[in-house]
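Student: show me how the following folds:
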Amino acid sequence: MIEISIDPKGRIAIPTRYREQINKVCAGSFVVTIDPSSFKCLLIYPTPEFEESQRKVEKLPNMLPEARELQRVFIGHASDVDLDSQGRLLIPGPLRKLAGLDKSATLVGQGNKFELWDQERWNEMTNSWVNGGVLGGKEGEEQFADLSL
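Tutor: Take a look at the predicted model:
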């Protein structure tokens, strides 16, 4: 988790420590979309990772309303973005607006993608998760009982 700034043009700087790996994986080419599970953050995928996820979402049965909604949100809001020469990504205005992003943000690594959160919203959600969210309740204990970290 890294606190970052969004400049007046809507750009974020990807931390230097990730840039070499990013160049190997996707040559600086990303797809940004809204998180369909919460609408509270953006997902930033290296393009090859997004394409794999997109194929899975496209295979869902179109006759199911839930599947169509997921396709509309996840694929329909997807925008291609590229790292500029200074290691910045321009986050499209409509996506920034949907996620409530303004000046201060939190970039969270999630294995094959990043999440981009409004910093205040991230702090609120973190407090919620720690103080009684799924992980803090009985459901989380049962659901993840066999998980060893």
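Student: once you drop chain neighbours, what's closest to Leu116?
Tutor: Counting by Cβ to Cβ, 6 or more residues apart in numbering, Leu116 lies nearest to Leu42, which is 4.4 Å off, once chain neighbours are set aside. Any C-beta I mention is one placed from the backbone N, CA and C, and that applies to glycine too.
Student: what is the neighbour count of the one you found?
Tutor: The tally of other residues near Leu42 (other Cβ atoms under 10 Å) stands at 26.
Student: also the one 4 residues further on?
Tutor: The number of residues packed near Pro46 is 21, by other Cβ under 10 Å.
Student: contact partners for Gly109?
Tutor: By Cβ atoms under 8 Å, 6 or more residues apart in numbering, Gly109 lies in contact with Met1, Tyr18.
Student: rerun at 10 Å
Tutor: Neighbouring residues of Gly109 by Cβ atoms under 10 Å, 6 or more residues apart in numbering: Met1, Ile2, Pro15, Tyr18, Glu115.
Student: what's the closest of the residues you listed to Glu69?
Tutor: Checking these against Glu69 with Cβ to Cβ, the nearest one is Glu115 at 20.2 Å.
Student: list the beta-bridge partners for that closest one.
Tutor: In this entry, Glu115 is beta-bridged to Leu43, Val108, by DSSP bridges.
Student: isn't it right up against Ile2?
Tutor: No: taking Cβ atoms under 10 Å as the definition, Glu115 is not a contact partner of Ile2, at 11.2 Å.
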